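# Need a 3D model of the following:
(one chain, ligands or ions: 1)
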Amino acid sequence: MFPILELISSQRHSRYFKQTRSHFIYRRVRLLSLILALLQTAWIFVDHLLLPEEVWWAVAVTRMISSAAFLGLFFWAQRPYNTDLALLRLLLLFLFLSCFHATSTAFLILHQVDQAVAGYEFFPFMIITMLAIFPLTLLEVAGITLLMLTIELGSQLLRGQWGELTALNNLWLLGVLALIAGWAAVNQMNMLLGLYRQATRDALTGLANRRLVLEQLDADIQSCREESQPLSVLLFDLDKFKGFNDKYGHAAGDIVLKEFAAILKQQARKKLDLPGRFGGEEFLLILPGQDEQAAIEMAQQIGQACRDSLVWIPGNLQVSFTTSIGIAGLRLGENSSDLIRRADEALYAAKAAGRDGWVVAQ
Ligand SMILES: Nc1nc2c(ncn2[C@@H]2O[C@H](COP(=O)(O)OP(=O)(O)OP(=O)(O)O)[C@@H](O)[C@H]2O)c(=O)[nH]1
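Residues are numbered from 1 along each chain as shown. A predicted model of the protein is given here:
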């Protein structure tokens, strides 16, 4: 995959990265909303010192309304891992600020108050620089910039300022600031992608590590509950792996672990299932939206692929290997720890039943 394409649009991001970034944006929007809600209210007192009484009232009411909107955004905690909702939250944050600016400016103009007095002229520039707070793709930055420029252009037309030198200068400045803040936003995205890869990948197999698997399982359980979808997990443990290591050496064991990871990647549904290394020679596969029956079919395919595999190991030898599998389908009210515990019990039962097989958790 070309990293540059991941910076242009989110189309190529894995479902897991999308969820992580969405949660990241969700938390930042919430924090900013709370700060803005408090600042909007506090600024009423500053306005009182700077604005004439008749405008102050109107602007104060506008501030209270926008404060309430920001509080609404702060308390809106539904589906924090959803990408569309994360971007909608971000858009609302920008729109609420722009609406406040447009309305308060209209009051100031109506009462012929110099906007520079209370810093209202500065507002659109502050809004656009907020882009830098979020990890965004180039297309998202371009979309928000276009929206902000359109709003500024629209308000210039309404104020009858379009074509004036100061108005053109404002548009130019907005564009330049958008470029700088947008660059910072895309840079954040790049950093987040890099850190995400480092923090979530197992160095030997390239699969998701235990940390990502556990985080993702929690997120998937929540999403599947919200959408009334089933979810299953498969827990794998390679058979007699200690004996294999002792007989052929640790390096040969590593080759088998990589081969098994390749089988998991091949069998898992692209961009839907998450295979991960759970520890040592234990692996977990999360199947969101799949019930126990589908999980059994997947277990059978993976078990067969292991039996069919012929792996070259040092000493010019070819070996195959087998795995035991514990299967568990999510139950009502169950959390990730309980689900994994049941899968582990099933895995233990599969080992006790002679290995190279699967058992569904009771
Ligand atoms: N080569 C290699 N071996 C590993 C790695 N991580 C864990 N192991 C080995 O995996 C083996 C796990 O063995 P056990 O859990 O005792 O069980 P087993 O021999 O697989 O037997 P059963 O699970 O009962 O079939 C240990 O010998 C570990 O050293 C690794 O990264 N590379």
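
# So which bits of the stretch 251-362 of the chain are right by the ligand?
253-254, 257, 280-281, 351, 355 (CB under 6 Å from any ligand atom). C-beta: built from backbone N, CA, C; applies to glycine.

# Which PyMOL command selects the buried ones in those residues?
Only the buried entries of those go into this PyMOL selection, using 16 or more other CB atoms under 10 Å:
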select buried, resi 253+257+281+351
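
# The residues of the stretch 251-362 of the chain next to the ligand: which two are farthest apart?
Asp254 and Lys351 (22.3 Å; CB to CB).

# hang on, Trp162 in a strand?
No: secondary structure of Trp162 (DSSP: H, G, I helix; E, B strand; the rest coil): coil, not part of a strand.

# Contacts only, for it.
Contacts for Trp162 (CB atoms under 8 Å, 6 or more residues apart in numbering) come out as 153, 156.

# Over to it: give its phi and psi.
Main-chain dihedrals, Trp162, degrees, to the nearest 10: phi -60, psi 130.

# and after the helix or strand of the chain with the lowest mean pLDDT, which helix or strand comes next?
Across the helices and strands of the chain, mean confidence by mean pLDDT, DSSP states H and E is lowest for helix 3-8: a mean of 88. Next in sequence after helix 3-8, counting helices and strands by DSSP states H and E, comes helix 15-50.

# which strands and helices sit next to that following helix?
Secondary-structure packing of helix 15-50 (3 or more CB pairs under 8 Å, 6 or more residues apart in numbering; DSSP states H and E): helix 53-75, helix 83-110, helix 165-200, helix 210-226.

# What is the last one packed up against?
When you say that, I think you mean helix 210-226. helix 15-50, helix 165-200, strand 231-238, strand 274-279, strand 282-288, helix 336-352.

# Make a markdown table from the ones you listed and add mean pLDDT to it.
Formatted as a markdown table, those follow (pLDDT from 0 to 100):
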| stretch | mean pLDDT |
| --- | --- |
| helix 15-50 | 93 |
| helix 165-200 | 93 |
| strand 231-238 | 98 |
| strand 274-279 | 95 |
| strand 282-288 | 97 |
| helix 336-352 | 97 |
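
# want to throw the ones you listed into CSV with distance to Thr83?
Output for the helices and strands packed on helix 210-226, formatted as CSV (distance: least, CB to CB, whole Å):
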stretch, distance to Thr83
helix 15-50, 5
helix 165-200, 13
strand 231-238, 19
strand 274-279, 17
strand 282-288, 15
helix 336-352, 22
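
# So which of these is nearest Ile133?
Comparing the helices and strands packed on helix 210-226 by CB to CB, helix 15-50 comes nearest, at 5.9 Å.

# What residues sit buried inside that closest one?
15-26, 28-30, 32-33, 36-37, 40-41, 43-44, 47.

# How about stretch 176-191?
For stretch 176-191, a neighbour-count test (16+ other CB under 10 Å) marks 177-178, 181-182, 184-186, 188-189 as buried.

# Dump those into TSV; add distance to Val113 as well.
Putting those into TSV (distance: CB to CB, whole Å) gives the following:
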residue	distance to Val113
Leu177	25
Ala178	28
Ala181	28
Gly182	32
Ala184	33
Ala185	34
Val186	38
Gln188	37
Met189	40
